[in-house]
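In: Got a predicted model here, sequence first, then my questions.
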Amino acid sequence: SRHSLPRVATRAFNTTARQMRNKVPEKQKIFQEDNGLPVHIKGGTTDVLLYRLTMSLTIAGTGFSCYWLLVASMPRSKAD
């Protein structure tokens with residue numbers, strides 16, 4: 001019948017939703033634990049690596065920008 005497709009789609013979605021576990025309470029327990037770690041690295045190794053990568057890129061980008069600003073601020077020689 002013409003109403004069977006929505007029913008099948010709804011049944012498939014409900015089955016999938018029921019099989020998914022709610023991980024929020026576990027994550028809350030990890031992030032609220034008083035273990036002396038800053039919140040940006042409480043997630044484990046992945047968070048530490050992402051933090052270090054972000055800081056490295058930020059520092060390198062800042063250095064690169066400062067270098068080119070310095071180069072651009074120097075007067076050009078008359079020989080050029």
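Out: That came through, no problem.
In: show me where the protein has helices.
Out: Counting by DSSP state H, the chain has helices at residues 4-19, 24-32, 45-73.
In: for those, which one sits closest to Pro38?
Out: helix 45-73 (9.0 Å; Cβ to Cβ). Where C-beta positions appear, they are placed from N, C-alpha and C, glycine not excepted.
In: Run through this structure and note the low-pLDDT ranges.
Out: Along the chain, the parts satisfying pLDDT under 70 run over 1-5, 12-18, 80.
In: residues touching Ala72, list them.
Out: Contact analysis of Ala72 by Cβ atoms under 8 Å, 6 or more residues apart in numbering lists nothing.
In: Between its first and last residues, how far does stretch 31-45 reach?
Out: Taking Cα to Cα, to the nearest Å, the first and last residues of stretch 31-45 lie 14 Å apart.
In: now what about it, what contacts it?
Out: Ile30, Asp47, Val48, Tyr51.
In: residues touching the last one, list them.
Out: It stands for Tyr51. Per Cβ under 8 Å, 6+ apart, neighbours of Tyr51: His40, Ile41.
In: switch the cut-off to 10 Å
Out: If you count contacts by Cβ atoms under 10 Å, 6 or more residues apart in numbering, Tyr51 has them with Pro38, His40, Ile41, Gly43.
In: hang on, the earlier thing: would you list the contacts of stretch 31-45 in CSV and tack on distance to Met20?
Out: As requested, the contacts of stretch 31-45 are exported to CSV (distance: Cβ to Cβ, whole Å):
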residue, distance to Met20
Ile30, 19
Asp47, 23
Val48, 27
Tyr51, 28
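In: quick one: which of those is nearest Pro6?
Out: The closest of those to Pro6 turns out to be Ile30 (Cβ to Cβ; 39.2 Å).
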